[in-house]
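Give the three-dimensional model of this entry:
(chains A and B, ligands or ions: 1)
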Amino acid sequence: MNAINRNEQNALARAVLEIDVNNHAGVMSHVVGLFSRRAYNVEGILCLPVGDGRQSRIWLLVNEDQRLAQMMKQVEKLEDVIAIRRHNADHAVFQDLESFFRP
Amino acid sequence: MTETLTGAQITVRLLERQGIRTVAGIPGGAILPIYDALGQSTAIHHVLARHEQGAGFMAQGMARATGQPAVCLASSGPGATNLLTAIADAKLDSIPLVAITGQVPKAMIGTDAFQEVDTYGLGIPITKHNFLVSSAEELLEVIPRAFRIAASGRPGPVLVDIPKDVQTQAIEISAWPEPARAEHAPAADAALIEQAAAMINAAERPILYLGGGVIHSGASAAAIELAEKAGLPTVMTLMALGAMPVDHPLALGMLGMHAARYTNLALDECDLLIAVGARFDDRATGKVAAFCPQAKIIHIDIDPAELDKIKTAHIGITADIGEALGQLLPATFQNSRKKWVDRVNALKAEFPLAMSDLDNPRSHFGLIQSVAACLDDDAIIATDVGQHQMWVAQAYPLRRPRQWLTSGGLGTMGFGVPAAIGAALAERERTVVCFTGDGSIMMNIQELVTAAEENVNIKIVLMDNATLGLVHQQQTLFYGERLFASQFRSSPDFVKIAQGFGIAAVDLDASANPCATLMEAISRPGPCLIHASIDAEQKVYPMVPPGAANRDMIGA
Ligand SMILES: Cc1ncc(C[n+]2csc(CCOP(=O)(O)OP(=O)(O)O)c2C)c(N)n1
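Residues are numbered from 1 along each chain as shown, chains lettered A, B, ... in the order given. All right, here's what the predicted structure looks like:
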């Protein structure tokens, strides 16, 4: 599959979630736990602190299925989640990382 | 003025300031500093449970009876794991609970230290939120926050794990945080309320569908007022029983798997379903695609994630139920809706709940009826899980919010006795009845001695069919009558057991006049076990078979 094809397919089947969270040890477990308990695979995860480090931003690459809206609502309910935004799969954040993930 | 206090003392002081007067728990190494501080408290009464699950359900009983967050305590490792079932149960029924666990000292976390378990990790999927506290200072923020989270919005359990060195760390305190209170939910969208009112006004065959959120929100009176004004026949989930008195002319009782036929049939005909504080649980809806097939849906819930989760609503409103109903009321027209109410009453007359043998106190329904005859609406009714639970839900005349304590979402056997003890501790002036089964009572029977020790006014009505009745029923109906592991080959002498634990006990089987024996046992203050054998062949009927639509009920 060439790169264009792959991106096209991703654009149809995937979504990128951008999640602002309080930066402490348990947050990642809270967020990904919501996915794993529903057997909802997370294809990609990226997380770094933002600004003074009291907050972090988690980027998730997920398959898009009919549960995604419910997933987002569940994530939004977490105490340590400040905001969640949804982007298309062609968002630069994961694409720019492709060079690190060559087999 | 500054004081130097340890993390343990700070924790206890914060509980006191929060208004906590009773806690239940069991001590152990990793929580001993907190117990040491608790022992010095004159404000807080500690109830020593005999199993941490018992402590968790006692706290639940307090919280369910009062609506206020309640506290349970356990040590690290096995203490914490023993609490988990009660916490998970609180999560599924949205009960405000603050569970405090001891943890090994910070430096030993992650070393497989003695009695170390990842309490934080275990807590994540079964709590509303959880904390691992890393300093005594942090307690000042975390403890009030735990109460605020437990009580705000959709209530739920919060777990606070406190390492032992945090409990012993001494710091100077100059100011205390304000005790936490439930946060106000954002107001309902006025435009959506307007549309919902228009939809109700235009409906011909509306039904009001009340869930546990109505109880949590304290909105029962508002729900009844709306039903009366707009002429809305009203169904309740298991969790909402008591929100509208069963004998209210508009009450259609519980919906779903063990509803009366007329209730599910009325839902089948409705053209508008107004779901408030309900979550379309599978036991309520049956086959979802066939649930209220003709109806438009208005769904009001404080938890936005409940909207559109199971059924897509035509109007979804995120709000506190009481507030939303308050806004909805003036916008709806007075309407007796005689034609629809008459139709529902005709269904009721044609397909009523068949309660056999009501006059016989040795039958299951007769026993429930006879117990009810000994009590007024001030009594609290708790249950365990099984056939007896469903029979009580069907037959007990519940008339008051928070009168009814049952494990709905998780359906946990063992809930009943400790929850009843907790309710009795919180509401000393009430009589608390716990209907239980011979299977369920064994799951937390050790708490009978706690009942004796606390001398709580609970009456345990043990409906003994010498089987795991609900399993027996399923195997009989759906597994070709292959009864396996559902009949007890040996049964204890429950009367002797209760007496051995130090509580009074009577056996209705041996009584020439069971009604008189019941009356006497129930009116005598203090804990009492009332044993009654019932027929193992009895089924909870009618019933929606697994996977079927609610209209397709089987049995009487
Ligand atoms: C902790 C737990 N284990 C297993 C079950 C499955 N279960 C549901 S009802 C039931 C039988 C309950 O028996 P009993 O308490 O005697 O009540 P009965 O149905 O006979 O009235 C069982 C085993 C459960 N709900 N909870």
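
neighbours around B:L159, how many?
Using other CB atoms under 10 Å in any protein chain shown, B:L159 has 28 neighbouring residues. Every residue, glycine included, has its C-beta placed from N, CA and C.

Surely it forms part of a strand?
Yes. Under DSSP: H, G, I helix; E, B strand; the rest coil, B:L159 falls within a strand.

On the pLDDT front, check it for me.
pLDDT for B:L159: 98.

Okay, it and the ligand: tell me how far apart.
For B:L159, the distance to the ligand (CB to the nearest ligand atom, to the nearest Å) stands at 20 Å.

give the contact list for B:D271.
When contacts are counted by CB atoms under 8 Å, 6 or more residues apart in numbering or on different chains, B:D271 touches B:A203, B:E204, B:R205, B:P206, B:Q294, B:A295, B:K296.

rerun that using 6 Å as the cut-off
Listed by CB atoms under 6 Å, 6 or more residues apart in numbering or on different chains, the contact set of B:D271 reads B:A203, B:E204, B:R205, B:Q294, B:A295.

Then B:F57?
B:A86, B:F415, B:P418, B:A419.

which helices and strands does the helix or strand hosting the last one pack with?
Assignment of secondary structure by DSSP states H and E places B:A419 within helix B:416-426. With contacts taken as 3 or more CB pairs under 6 Å, 6 or more residues apart in numbering or on different chains; DSSP states H and E, helix B:416-426 sits against helix B:52-66, strand B:380-383, strand B:432-437, helix B:447-454.

related to what we said a few turns ago, report the two of the contacts of B:F57 separated the most.
Longest distance between any two of those is 9.1 Å, between B:A86 and B:A419; criterion CB to CB.

If any of the contacts of B:D271 are buried, put those into a PyMOL selection.
Of the contacts of B:D271, the buried ones can be selected in PyMOL as follows, counting by 16 or more other CB atoms under 10 Å in any protein chain shown:
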select buried, chain B and resi 203+205+295
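
Out of the contacts of B:D271, which is nearest to A:G44?
B:A295 (41.3 Å).

ok, now how distant is that closest one from B:S152?
Distance of B:A295 to B:S152, given as CB to CB, to the nearest Å: 31 Å.

can you tell me if the helix holding B:A419 touches the ligand.
No. Figure legend: helix B:416-426 not in contact with the ligand (CB under 6 Å from any ligand atom); closest approach 8.6 Å.

That helix to strand B:432-437, inter-axis angle?
Here helix B:416-426 runs at an angle of 180 degrees relative to strand B:432-437 (axes from the mean of the first three to the mean of the last three CA atoms, to 10 degrees).

May I see the buried residues of the helix or strand B:L347 falls within?
Assessed by DSSP H and E, B:L347 sits inside helix B:338-350. Residues of helix B:338-350 classed as buried: B:W340, B:V341, B:R343, B:V344, B:L347, B:K348 (neighbour count, 16+ other CB under 10 Å).

coming back round to it: turn the helices and strands packed on helix B:416-426 into a markdown table, columns for mean pLDDT and distance to A:P103.
Shown next, in a markdown table, are those (pLDDT from 0 to 100; distance: least, CB to CB, whole Å):
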| stretch | mean pLDDT | distance to A:P103 |
| --- | --- | --- |
| helix B:52-66 | 98 | 49 |
| strand B:380-383 | 98 | 58 |
| strand B:432-437 | 98 | 59 |
| helix B:447-454 | 98 | 59 |
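
In CSV, list these along with distance to B:T22.
Formatted as CSV, these follow (distance: least, CB to CB, whole Å):
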stretch, distance to B:T22
helix B:52-66, 6
strand B:380-383, 16
strand B:432-437, 14
helix B:447-454, 10
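
Which among those is found nearest to the ligand?
strand B:432-437 (2.4 Å; CB to the nearest ligand atom).

re the thing from before, if any of the contacts of B:F57 are buried, put those into a ChimeraX selection.
Per 16+ other CB under 10 Å, the buried members of the contacts of B:F57 correspond to this ChimeraX selection:
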select /B:86,415,418,419
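
From the contacts of B:F57, pick the one nearest B:Q327.
B:A419 (34.1 Å).

Give the closest residue to that closest one in space, chain neighbours not counted.
Closest residue to B:A419 apart from its sequence neighbours, by CB to CB, 6 or more residues apart in numbering or on different chains: B:G61 at 3.8 Å.
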